[in-house]
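Colleague: Just to be clear, the model below is a prediction. Sequence and coordinates:
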Amino acid sequence: MKRTPHLLAIQSHVVFGHAGNSAAVFPMQRVGVNVWPLNTVQFSNHTQYGQWAGEVLAPQQIPALVEGIAAIGELGNCDAVLSGYLGSAAQGRAILSGVARIKAINPKALYLCDPVMGHPEKGCIVPQEVSDFLLDEAAAMADFLCPNQLELDSFAGRKPQSLFDCLAMAKALLARGPKAVLVKHLDYPGKLPDGFEMLLVTEDGSWHLRRPLLAFPRQPVGVGDLTSGLFLARVLLGDSLVAAFEFTAAAVHEVLLETQACASYELELVRAQDRIAHPRVRFEATPISL
Ligand SMILES: Nc1ncnc2c1ncn2[C@@H]1O[C@H](COP(=O)(O)OP(=O)(O)O)[C@@H](O)[C@H]1O
Ligand SMILES: Cc1ncc(COP(=O)(O)O)c(C=O)c1O
Ligand SMILES: [Mg+2]
């Protein structure tokens, strides 16, 4: 029997609703991965409500928890680490030392970094030192990097002129070290208004994917976290990077369809669970080159 992969997921937890681990853990479990959630913050709700209660985890807790798992002899079973929303740069550095610790025991372990940055136009609130840490330190250690357009712009230090420019920016990011860059959300002059587009850039080639853009009165949150979590889960389950990319687009679209049908602001993950595991829709990734 094939072994069930294990994934250490280090990102935020919200008590109410879905963002960070609260958006990604259940879907990753539902597709068949054992998840070890390590919550960087515990907030009442995601920050786009504009107000929340709760605390950031003390950074020294991250190595302490990783050591606790090592002490029971389980750390070598960790197949991948995912990091997302960080409450401080010190937390980020603690995660990188955890990743190094895990890779020393299991050199095949993968690290996916979702570089969640704050943006005034988006409303996601992240300290500036976290953005600086992601740009300067985390990208170099990640096997997979999953920025959205605003985060890709921050890495490149500019906005794109075209789709091919987005591709060039993502390729430049590949040169910093990751095996693959998944741009979860493209925005560039001339983009068709009714499409939601993504890019996958790897050492072996690049692929572009388009799915329908659905209308929401308020943009749902946690979509990026769901996207990076499902992508890593499917890679661990044995998908090629392109197959994981296509699966992720389909499963996330299914969640958005369910969320739209329920007129809900929070993602309808529980109602969409069968469609996450077995998406009915399919979007083809098409090769793209400069
Ligand atoms: N098919 C879609 N239709 C409408 N909105 C979408 C669709 N897919 C994603 N979104 C929204 O687009 C925004 C961009 O998300 P994205 O950039 O992928 O990641 P992040 O959630 O990290 O910002 C989010 O607000 C999300 O809710
Ligand atoms: C606590 C928390 N975690 C994670 C996120 C990231 O969500 P998204 O997937 O939209 O990038 C947010 C966004 O507001 C948040 O408030
Ligand atoms: Mg995000």
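Modeller: On my side now, so go ahead. Numbering: from 1, shown residues only. Ligands and ions are numbered 1, 2, ... in the order given.
Colleague: count of neighbours near the residue in the stretch 151-290 of the chain that ligand 2 sits nearest to?
Modeller: For the stretch 151-290 of the chain, the residue positioned closest to ligand 2 under CB to the nearest ligand atom is G224, at a distance of 3.2 Å. (Glycine included, C-beta is placed from N, CA and C.) Counted with other CB atoms under 10 Å, the neighbours of G224 add up to 25.
Colleague: Can you tell me the closest non-neighbouring residue to it?
Modeller: By the measure of CB to CB, 6 or more residues apart in numbering, the closest residue to G224 outside its immediate chain neighbours is K184, 5.3 Å from it.
Colleague: so that neighbour touches G222, yeah?
Modeller: No - at 11.9 Å, K184 does not count as touching G222 under the criterion of CB atoms under 8 Å.
Colleague: just to revisit the earlier point, what residues are up against the residue of the stretch 151-290 of the chain closest to ligand 2?
Modeller: G224 makes contacts with D114, V116, C146, N148, K184, H185, as judged by CB atoms under 8 Å, 6 or more residues apart in numbering.
Colleague: go with 7 Å
Modeller: With CB atoms under 7 Å, 6 or more residues apart in numbering as the criterion, the residues that contact G224 are D114, N148, K184.
Colleague: The first one: neighbour count?
Modeller: Number of residues near D114 (other CB under 10 Å) recorded here: 29.
Colleague: Start the count at 30 instead of 1 going forward.
Modeller: Happy to do that; since the first residue is 30 now, the last one works out to D143.
Colleague: so it touches F173, yeah?
Modeller: No - here D143 lies out of contact with F173, judged by CB atoms under 7 Å, at a distance of 9.0 Å.
Colleague: tell me the SS of the closest residue to L296 other than its chain neighbours?
Modeller: When the adjacent residues along the chain are set aside, L296 lies closest to H47, with 4.5 Å between them (CB to CB, 6+ apart). H47 carries the three-state label coil when classified by DSSP: H, G, I helix; E, B strand; the rest coil.
Colleague: how close does H47 sit to ligand 2?
Modeller: H47 sits 9 Å away from ligand 2 when distances are taken as CB to the nearest ligand atom, to the nearest Å.
Colleague: If anything else comes up later, I'll come back, but that's it for now.
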